[in-house]
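Novice: based on what follows, work out the 3D shape:
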Amino acid sequence: KYNVDCESSAAAGDEAAAEPCAEVTEATVKLKLPDGSVRHEVAEGDGPVAALDAALRKSLDDFYPGVRDLKLVDYKVRVVNGAEAGTSASIRVIVESSDKASGDLFSTIGVSTNIVEASWKALVDAVEYKLSRDDARAANSSREKMSRDSVVSAAIDASKQACATQRMAPMSKWD
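Specialist: Residues are numbered from 1 along each chain as shown. Next comes the predicted model:
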């Protein structure tokens, strides 16, 4: 669940007053985490997407510290069916993200008739993709470590067996 509010404190007649969200954009995000806890966070940004991104990261940071490595690199908006739909056109938002930890660069997409909703979907997909890649890397690393450990363990067992065999062999007077 999310909410985005824009406020402008500019005086009437001020140029900035004509621009919505010119000064403060605040996003509120409420998420239920896998451990059952609910995080309700508020963050500000330079526009609704930046505020949503900041609030989402803030709500996930303690539980998923890997989100710190995720960076929004590019943000694109496209109208999908504008000629036919007019003002009720579907909006496609493409978020390009980079993962500082792995060096991965990837894009996610959100589609809705509401540009903020489409942006939210793309941001959430980026976080979910990054976290799933982190889980896959951790599983591969764990399997590789278990494989190395089993090779080392087998080598140690073979060495112990060879030493035990040598100790049990009768010694001749020429040894």
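
Novice: show the average pLDDT along stretch 125-135.
Specialist: In this model, stretch 125-135 has an average pLDDT of 94.

Novice: over to stretch 33-51?
Specialist: pLDDT averaged over stretch 33-51 gives 93.

Novice: can you get me the start-to-end distance on it?
Specialist: 20 Å (CA to CA, to the nearest Å).

Novice: any low-confidence regions in the chain?
Specialist: Scanning the chain for pLDDT under 70 picks out 1, 8-22, 141-158, 160, 162-175.

Novice: tell me, what residue is most central in it?
Specialist: In the chain, the residue lying closest to the centroid (CA atoms, centre = their mean) is residue 127, at 2.6 Å.

Novice: OK, contacts around that residue?
Specialist: 56-57, 60, 64, 67, 70 (CB atoms under 8 Å, 6 or more residues apart in numbering). In short, each C-beta sits where N, CA and C put it, glycine included.

Novice: buried residues of stretch 105-123, list them for me.
Specialist: Judged by neighbour count (16 or more other CB atoms under 10 Å), stretch 105-123 contains these buried residues: 108, 110, 112, 115-116, 118-123.

Novice: would you turn those residues into a markdown table with distance to residue 89 and secondary structure?
Specialist: Formatted as a markdown table, these follow (distance: CB to CB, whole Å; DSSP: H, G, I helix; E, B strand; the rest coil):
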| residue | distance to residue 89 | secondary structure |
| --- | --- | --- |
| 108 | 20 | strand |
| 110 | 14 | strand |
| 112 | 10 | strand |
| 115 | 10 | helix |
| 116 | 15 | helix |
| 118 | 11 | helix |
| 119 | 15 | helix |
| 120 | 18 | helix |
| 121 | 16 | helix |
| 122 | 17 | helix |
| 123 | 21 | helix |
